[in-house]
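J.: here are the coordinates; sequence isn't available:
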């Protein structure tokens with residue numbers, strides 16, 4: 001099943017989605033990299049931070065979604081269509097950043113070890129993945145898909161997931177890198193009606209949207225909405241708190 005991505009839906013929470021990238025970037029100590037790679041660039045809204053941080057570097061952005069590549073190019077940034085599983089670092093790729101991508105790639109620990117092992121001396125590899133797959137925002141989707149009304153309508157996907165911070169630290173360390181690994185739970189303050197539904201519509205629900213026709217999609221969202229409202233109730237001022245755990249890892253080949 002091919003999953004299309006909607007840059008506008010993804011960018012609906014740009015401020016919230018941008019902060020982890022900025023936090024990740026702050027831990028990269030490279031001063032004058034030759035090339036910087038944005039591996040899974042999305043709509044390119046964060047790639048510009050790389051060009052601003054290292055203006056003398058050649059910056060390459062790539063993504064597996066034609067819609068995201070087009071959105072990045074619309075920003076005047078070079079981008080190309082590529083599957084991260086087929087990508088390998090080159091001899092001048094001194095900084096590689098992959099943000100909120102590898103949770104979609106089964107077996108990505110092996111890829112991380114291979115990538116880091118191919119970095120040039122002094123290279124940096126920085127990764128961030130969401131660690132909230134066990135939170136209600138995701139478990140309620142899986143429960144609804146497993147219900148009699150929806151079972152079998154969405155093609156099963158390979159098991160998606162992330163590992164513990166210690167497992168990422170071991171993987172990167174065994175590949176010969178110095179590691180900086182941590183996790184953070186952000187508490188996002190969301191506005192508007194059904195904001196958690198709007199949030200997952202731009203990310204976790206993309207495979208569901210790809211599998212359903214318009215009427216099914218509207219019905220699925222209508223069934224999911226009250227479940228999410230119960231799990232994430234609105235506060236007295238109309239806003240909603242969304243706790244969101246993320247895992248970060250920075251590897252440096254000294």
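T.: Arrived safely, thanks for sending. These numbers were taken from a predicted model, which means no experiment stands behind them. Numbers count the residues shown, from 1 in each chain.
J.: Please make it C-alpha for all contacts and neighbour counts, starting now.
T.: OK.
J.: can you give me the helices in the chain?
T.: Secondary structure of the chain (DSSP state H): helices located at 7-10, 14-25, 47-53, 66-74, 108-118, 136-145, 165-174, 195-201, 206-211, 214-231.
J.: Centre of the chain to the fourth one, how far?
T.: Averaging C-alpha coordinates over helix 66-74 and over its chain gives two centres that are 16 Å apart (CA atoms, centre = their mean, to the nearest Å).
J.: isn't residue 123 right up against residue 250?
T.: No: using CA atoms under 8 Å, residue 123 is not in contact with residue 250; the gap is 10.6 Å.
J.: If we ignore the residues flanking it in sequence, what's nearest residue 82?
T.: Closest residue to residue 82 apart from its sequence neighbours, by CA to CA, 6 or more residues apart in numbering: residue 64 at 5.0 Å.
J.: my guess is that neighbour contacts residue 39, does it?
T.: No: counting by CA under 8 Å, residue 39 is not a contact partner of residue 64; they are 9.7 Å apart.
J.: Give me the common contacts of these two.
T.: Listed as contacting both residue 64 and residue 39 by CA atoms under 8 Å, 6 or more residues apart in numbering are residue 84.
J.: Please say which of the two ends up with more neighbours.
T.: residue 39 (24 against 20; other CA atoms under 10 Å).
J.: what sits against the more buried one?
T.: By CA under 8 Å, 6+ apart, the contact list for residue 39 reads 61-63, 84, 96-99.
J.: And residue 222, by the same measure?
T.: Counting by CA under 8 Å, 6+ apart, residue 222 has no contacts.
J.: residues contacting the residue at minimal distance from the centre of the chain?
T.: Ranked by distance to the mean C-alpha position of the chain (CA atoms, centre = their mean), the top residue is residue 100 at 1.6 Å. In this structure, residue 100 makes contact with 127-130, judged by CA under 8 Å, 6+ apart.
J.: tell me which of these is nearest to residue 21?
T.: Of all those, residue 128 has the smallest distance to residue 21: 7.6 Å, by CA to CA.
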